[in-house]
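> Sequence and predicted structure below; questions after.
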Amino acid sequence: MSRRKDVFSWGLVTLILILVGATAFYVMLPQLQPHATVHLGDGVFTARVAKTSEERQKGLSGTSVLKSDQALLLVFGSDAKWPIWMKDMKYPIDIVWLDKDKKVIYIVKNASPDSYPDEQYQPKTDARYVIELAAGTVAQKSIVIDKEAVFDENNLEGWGQ
């Protein structure tokens, strides 16, 4: 009987350790993904970084909220008129395109999830970076054309960097 009790106790301890480990991983996952601190206008944002084609394509799709101090920074390897669409989005966002010098060149405010699949948002000139922000942030944080963003692309933190 005591042997059965020992096996049950060790099984319970193992299960608890697995649950604690899984919870810790879930809580730490955002910190393991590439991220950067972005200064733009009057705002400072913690930005998740999308550098691969797959990450950029997924973007904010499927997320339920973007807090006012959060952003998604899409980093492209070359300059082009990178289009943004609202596939699988659940909320509106502000979209800011930056040139290679990180200067704001184009802004779309309050891009609606309902615009997909009929509309893509695209700058008139080439961009290197795109920053997606919660709707209303551009106005609230005084983000305007020719304003420069500050972040260190060579020092992006995260897993796999």
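Structure's in. What do you need?

> For the lengthiest helix in the chain, what is the distance to the chain centroid?
The longest helix of the chain (DSSP state H) is helix 2-32. Relative to the chain's own centre, helix 2-32 is displaced by 30 Å; criterion: CA atoms, centre = their mean, to the nearest Å.

> Centre of the chain to the helix or strand following that helix, how far?
Using DSSP states H and E, the next helix or strand after helix 2-32 towards the C-terminus is strand 35-40. Relative to the centre of its chain, strand 35-40 is centred 11 Å away, using CA atoms, centre = their mean.

> and strand 35-40, which residues are buried?
35-36, 38, 40 (16 or more other CB atoms under 10 Å). Placement of C-beta: from N, CA and C, glycine included.

> other SSEs contacting the strand ranked longest in the chain?
Ordering each strand of the chain by length in residues (DSSP state E) puts strand 70-80 first. The contact analysis (3 or more CB pairs under 8 Å, 6 or more residues apart in numbering; DSSP states H and E) places strand 70-80 against strand 35-40, strand 43-50, strand 127-134.

> Apply 6 Å and report the result again.
strand 43-50, strand 127-134 (3 or more CB pairs under 6 Å, 6 or more residues apart in numbering; DSSP states H and E).

> can you tell me the average pLDDT over that strand?
Averaged over strand 70-80, pLDDT sits at 96.

> now the longest helix of the chain and strand 43-50, what's the angle there?
Counting by axes from the mean of the first three to the mean of the last three CA atoms, to 10 degrees, helix 2-32 lies at 110 degrees to strand 43-50.

> average pLDDT for helix 2-32?
Per-residue scores along helix 2-32 average to 73.

> Give me the buried positions along it.
Buried residues in helix 2-32 (16+ other CB under 10 Å): none.

> That one to strand 70-80, inter-axis angle?
Going by the same axes, to 10 degrees, helix 2-32 makes 50 degrees with strand 70-80.

> coming back round to it: identify, out of the helices and strands packed on strand 70-80, the most deeply packed stretch.
Compared across these, strand 127-134 shows the largest average neighbour count, a mean of 23 (mean count of other CB atoms under 10 Å).

> which residues sit against it?
Residues outside strand 127-134 that contact it (CB atoms under 6 Å, 6 or more residues apart in numbering) are 60, 66, 68, 71-76, 79, 82, 93-100, 105.
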